[in-house]
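Colleague: Here is my input; please provide its structure:
(4 chains)
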Number of protein chains: 4
Amino acid sequence: MGMVGGGQGSFIGAVHRIAAALDQQIELTAGVFSRDEANSAATAARLHVPRSYKSYEEMAAAEAALPADQRIDFVSIVTPNNAHFGPSKAFLEAGIHVVCDKPLALTLEQAEELVKIVEKSGLVFALTHNYTGHPMVRQARKMFASGELGVVRKVLVEYLQDWLMTPQEKHGSKQASWRTNPAESGIGGALGDIGTHALNLVEYVTGDPLVSICADTSIFLPDRKLDEDVNALMRFEGGGKGVLTVSQIACGEENGLTLRVYGSEGAISWAQENPNYLHVYKHGQPRQTYSRGNAGYLSAEATAVTRIPTGHPEGYLEAFATIYVDAVEAIRRHIAGNPMTRAEYKFPTVYDGLRGMQFIYKAVESAEKGAVWVLMPERS
Amino acid sequence: MGMVGGGQGSFIGAVHRIAAALDQQIELTAGVFSRDEANSAATAARLHVPRSYKSYEEMAAAEAALPADQRIDFVSIVTPNNAHFGPSKAFLEAGIHVVCDKPLALTLEQAEELVKIVEKSGLVFALTHNYTGHPMVRQARKMFASGELGVVRKVLVEYLQDWLMTPQEKHGSKQASWRTNPAESGIGGALGDIGTHALNLVEYVTGDPLVSICADTSIFLPDRKLDEDVNALMRFEGGGKGVLTVSQIACGEENGLTLRVYGSEGAISWAQENPNYLHVYKHGQPRQTYSRGNAGYLSAEATAVTRIPTGHPEGYLEAFATIYVDAVEAIRRHIAGNPMTRAEYKFPTVYDGLRGMQFIYKAVESAEKGAVWVLMPERS
Amino acid sequence: MGMVGGGQGSFIGAVHRIAAALDQQIELTAGVFSRDEANSAATAARLHVPRSYKSYEEMAAAEAALPADQRIDFVSIVTPNNAHFGPSKAFLEAGIHVVCDKPLALTLEQAEELVKIVEKSGLVFALTHNYTGHPMVRQARKMFASGELGVVRKVLVEYLQDWLMTPQEKHGSKQASWRTNPAESGIGGALGDIGTHALNLVEYVTGDPLVSICADTSIFLPDRKLDEDVNALMRFEGGGKGVLTVSQIACGEENGLTLRVYGSEGAISWAQENPNYLHVYKHGQPRQTYSRGNAGYLSAEATAVTRIPTGHPEGYLEAFATIYVDAVEAIRRHIAGNPMTRAEYKFPTVYDGLRGMQFIYKAVESAEKGAVWVLMPERS
Amino acid sequence: MGMVGGGQGSFIGAVHRIAAALDQQIELTAGVFSRDEANSAATAARLHVPRSYKSYEEMAAAEAALPADQRIDFVSIVTPNNAHFGPSKAFLEAGIHVVCDKPLALTLEQAEELVKIVEKSGLVFALTHNYTGHPMVRQARKMFASGELGVVRKVLVEYLQDWLMTPQEKHGSKQASWRTNPAESGIGGALGDIGTHALNLVEYVTGDPLVSICADTSIFLPDRKLDEDVNALMRFEGGGKGVLTVSQIACGEENGLTLRVYGSEGAISWAQENPNYLHVYKHGQPRQTYSRGNAGYLSAEATAVTRIPTGHPEGYLEAFATIYVDAVEAIRRHIAGNPMTRAEYKFPTVYDGLRGMQFIYKAVESAEKGAVWVLMPERS
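Modeller: Residues are numbered from 1 along each chain as shown, chains lettered A, B, ... in the order given. The predicted structure is shown next:
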């Protein structure tokens, strides 16, 4: 594996490295960790990465030129949003598979172009909507796919944080700085950073696409240019309705991503902050708590991505690692000359990335028009 | 106390009787418990109520004609929505104070007229938005009023049930029957039954009035005419935004009324199903759980309405009883010739009732226009 | 109903009055509320109690002399432990039924004598181990009685408080004063006050009697004479084992009474502070949460004692009221000439009271010998 | 790193490998993974481990003979209890640092001898009582060490499981087989497997040694020879008392390790199944929930061992990895010629291992004598 981004001051770079290392199938052997050369070199040295480059263009070219058994099999792109498209394009065109952080790109246009590049390349492109790696999220998805919970009637998804309720970006926080800067983040603030996770989780679990949205966005702190908070109404293809609410200024909230879906036959509730449990409701029956790791009653999809026994909590990093495991499996199949079909991919793809960008653009459009209903494009 | 409604098959009548009896200040001495005379008489006999009448008109006249020390001091009206206005008017015009269940009336016009009747009478009129009787709700209100939680930025209120996810009204449920019948309930279904509670709770706690709403209502079961489910965006006078979501078809939910309010300095979270706790968040500090009954750190407003020590749970009936205690205090003051001012009332009044009717009408208007923003009238 | 005790400064007197009033079947018409005559008279006046007496002896004699339709049907004794025996004896011997607070008496000898007095009288004697009135406790009892949870293997019962972790009795707390005074409380401190509740709950739910106990008691505050904290091992007749831990100095605990029972086929967990739920475990199945009020899956025993719909919490007072409802039912049957058999009683009786006193004495004996095993007498 | 044990059918071997890999500082380069040669070789091949040996004796000798920059720096011993002593001794005597799973050894004698071997060697010996690696456990320890919670008065520790409530060992479970076999596990069943974790956690957090214990052990399933369930009373050096209860037959429990410690000034509560939170109680104040990752109010000890932001849950593997990180730091210091003092070690050592064996032996002694009090040896 190679890496683009993830130098000093990055949060998500270290997460990707742990996620990649956890299952002992991936070795980090090349990278350009920062646009700052000193930072990049220092990071490479600290991490004992043998091949350190000065730019992603150089890296893509050099790696592609190496013999197949020496070069990286894939690159992991962990930069801010404005540096997703360039590296993705470069590596794909160099014949190297890509794992990329979300959202997919800085603009919708980039996203649309990247879909074409991926399609043309035939390579694996995985987007780290990491919450889809949780066993109990996969259990929920399976339960809706099987029909046992009926038709979706109501969806309540939340992603609530408070870390931007003070102007961190004015006090040296690199994380806050790029996330509040349209030049680096794009047109979405909370929408892009956490709203895309929320929508992806909804569509992943229910399989029922969003068809229209009415989004009310807010900025409370002075000098902020991007949405800090969003409340949105949703309508789904299957006739269900719902609410999406995300915030980065909701005092006391840490990473409050929760999903509740009420179907005509049953319902589920899941919370990222205690992700080992899935609450399952059937009308007129006692509420049930499904617990990760119980092969006796969980689906194969849920038990396949569990590493330790029930009652020993897995967390954020384990689910993130599962995205890597899934991507590596697809890359191995590709290398073996037997590439997976899109239906076989277990991880979010470039199409999920496009979907996220459409969501950001349509939510911003809705908000700018006064929080009116706008139609979502069909899912690719 | 007299009672109108609450015969065989009623749910809320028994609740009012327990609430009135609990603190041993109120005796039920007269009533017309049903339009069905046999039901009414049987109920009176079962409850050992000395004076049983055939109609509320008869009752209002007869009670008013009794000497002051023999007649009822107030009447409790616990009928379906379509029978709130008539009895309220009759008793007020007969000089008898009123406690009335919510929503205030069948129509907005009735509500507006009732405001005038109450004002003209100078009598006490209490509306049983019972959740405002919870000690920890009063604590929350006090905390916003004091300013310690800052300006309201985000409000998330939910009231989720599932008891109407099957067509109970087709199988003999009296409760389901009138609540799904516009002739008895008015133009709101879940909106009137539980949505009014949700909005009342929000405005009671924050003191920050709703200024506009965008409501998306749904009917999922065949043959239903009233909304079963509502998702709505809210905007408040102080600049905050929010979401209101209510449902009577959310599988697995019982009486999931929860309120979360995020201010610029702190936040609260409260849940009706476990009402003895108020979760309080301050940015950068550990989350706190305020527990009912702790005079050491709770406000006087919260401790004044507690009957038992901390850790011994109070519930729905105790909070309901507090509305009666508060109303009785106002009635006593009135009888003593020293009536309370509106500001002194601790219980919801006819103005809260009007507000609820405005909410129903504006939400329905929004929904009928396709879930667009509509302005709320100013609070009276 | 008459009352002995419950004057100014009493906590439990007001609780009994609310519990008795809640279901509107009982009227308080006579009482001696305090040994202090002024306090007693003032309380009678405040509560509008028509017949106020100067002593329980006078009251028992005077009430017994009244015509049957005028005198009290039963008396409620809500005094400290040292004043349970005298009034109980006096009223029973006057032919008046008794509801008495726990523990049964000051000494084991009094308890044993009271059993004989009750048996000789043939009257109803109810002891307010109020937690047995909770619907979900009755559900748990039913589930063990039915055998569906198998044989009891492990019992963990806790009752944790912290209100005596400071020397309240030195600062004017009447509650703390008598509870820390052996002359008023007897030989048990926390053992008598809350330990008896814990043991009663265990035996009530499992039906499996305690056969031996090894109790380690502690006093941490200076000048205290009675146990503040107890940890005890238990062995049961059916072969199960367990732990009982109670404390009045466990910092941060309010009324943390919890019961967990693990059987060979299933298990339950219940907590007094959120009593509307019973957690039910079956090996290899998802955990279930039974919720009060769901007639569809709860036993008749649990639904019979519920007043309001599921999701509207009932609490401490409602369960307490259920003991009164049950006692009144037995008293009515007695008055009707068709007295209940002991097996028909749904409420704790004088035998439960004797059991509690045996528990206190055996636990103290164990502790005094260095926390060694001592045998419990057989249950009467 | 080398590994002894952890072949096909092992649970804890894979856990150690993930824990070692997670922070990307450790590479697995040698091993003997099973006494079964085929299993061992297959595991080595699957894991791409370059140097595979046939026995630990061979491995210790061969690795010691390699140049320092080629041989393993330490070995990880992840075998059943009966195979801890031999490999530990062999590697220590070969000059190789050791990380060993718990309990320390098969017998108390082995444990005592191993202490001497470690002391003589001067090498690092880390015992994987992994729960001490949780940030919030370190926070709790710090709070007791600082004195802010006062003197320990009451300790309640539980470790409840149900996986042995059916005779798994008769149905091919390798895990159940060795844990129920005295020849492989030693004289403790649940005592050794989970009881040692519970005691270690108590002494780690409070710093207050156990001085005597009264343990009641049980076997419920036929043909079992080792304790399945233990209830024990504890007394501590500082005057506090407590309860330890562990079970492997507690229906519905998964890995219910919880610790509650009540001090004279405050209390804490922590649960392994949701380990990112520490509940902190101060008398008369609202309960607080400390959440992992909040550098603003957590101690340096707690924040030093956190990898990701608050609200993104860490779990079992992350805490386990922290033990490896801490051990590697000590090993690096040793290699650098500047070995840590015992006081500098952040991880459990051979003395904790000895303590665990003393606990097993004293608890068994207590139980065999009828659950009487026995003194613990002083902590080394």
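Colleague: Buried residues in stretch A:37-52, which are they?
Modeller: Neighbour counts over stretch A:37-52 (16 or more other Cβ atoms under 10 Å in any protein chain shown) mark A:40-44, A:47, A:49, A:51-52 as buried. Every residue, glycine included, has its C-beta placed from N, CA and C.
Colleague: cool, and stretch A:169-185?
Modeller: Of all the residues in stretch A:169-185, those buried under the rule 16+ other Cβ under 10 Å are A:169, A:173, A:175-181, A:185.
Colleague: One more: stretch A:162-170?
Modeller: So, applying 16+ other Cβ under 10 Å, buried residues of stretch A:162-170: A:162-165, A:168-169.
Colleague: Flag every residue of the stretch 201-350 of chain A that's near chain C.
Modeller: Residues of the stretch 201-350 of chain A lying close to chain C by Cβ under 8 Å from any Cβ of the partner chain are A:280, A:284-291, A:294, A:296-297.
Colleague: Of those residues, which belong to helices?
Modeller: Using DSSP state H, no member of those sits in helices.
Colleague: and the least confident of those?
Modeller: Scanning those for pLDDT, the low point is A:G284. It has 93.
Colleague: Next, find the distance separating the residue positioned nearest the centre of chain A from A:I249.
Modeller: Taking Cα atoms, centre = their mean, the centroid of chain A lies closest to A:H129, which sits 1.8 Å from it. To A:I249, A:H129 is 23 Å away according to Cβ to Cβ, to the nearest Å.
Colleague: try A:R35
Modeller: Look at A:R35 and A:I249: by Cβ to Cβ, they are 29 Å apart.
Colleague: The two: which has the busier surroundings?
Modeller: The neighbour comparison of A:R35 against A:I249 (other Cβ atoms under 10 Å in any protein chain shown) goes to A:I249, with 25 against 14.
Colleague: quick one on the thing from earlier: which one of the buried residues of stretch A:37-52 is nearest to C:L257?
Modeller: A:L47 (53.7 Å; Cβ to Cβ).
Colleague: Report the contact partners of that closest one.
Modeller: A:L47 makes contact with A:17, A:28, A:31, D:24 under the criterion Cβ atoms under 8 Å, 6 or more residues apart in numbering or on different chains.
Colleague: Most neighbours among those, which one?
Modeller: A:G31 leads these on contacts (other Cβ under 10 Å) with 30 neighbours.
Colleague: Let me know the secondary structure of that one.
Modeller: Under DSSP: H, G, I helix; E, B strand; the rest coil, A:G31 falls in the strand class.
Colleague: who are the neighbours in contact with it?
Modeller: Here A:G31 is in contact with A:2-4, A:6, A:40, A:43-44, A:47, A:49, A:51-53, A:59 (criterion: Cβ under 8 Å, 6+ apart).
Colleague: Mind telling me what element the nearest residue to it once chain neighbours are set aside is part of?
Modeller: Distances taken as Cβ to Cβ, 6 or more residues apart in numbering or on different chains place A:M3 nearest to A:G31, at 4.1 Å, with adjacent residues excluded. Following DSSP states H and E, one finds A:M3 within strand A:2-4.
Colleague: And that strand, how far out from the chain middle?
Modeller: Distance of strand A:2-4 from its chain centroid, counting by Cα atoms, centre = their mean, to the nearest Å, is 17 Å.
Colleague: what's the burial count for the closest residue to A:L244 other than its chain neighbours?
Modeller: Setting aside the residues directly before and after it, A:L244 is nearest to A:A232 in space (Cβ to Cβ, 6+ apart), at 4.5 Å. By the criterion of other Cβ under 10 Å, A:A232 has 29 neighbours.
Colleague: What average pLDDT does the helix or strand hosting A:A232 get?
Modeller: A:A232 belongs to strand A:229-236 when assigned by DSSP H and E. In this model, strand A:229-236 has a mean pLDDT of 98.
Colleague: Can you tell me the strand partners of that strand and which way each runs?
Modeller: strand A:210-218 (antiparallel), strand A:241-247 (antiparallel) (DSSP bridges).
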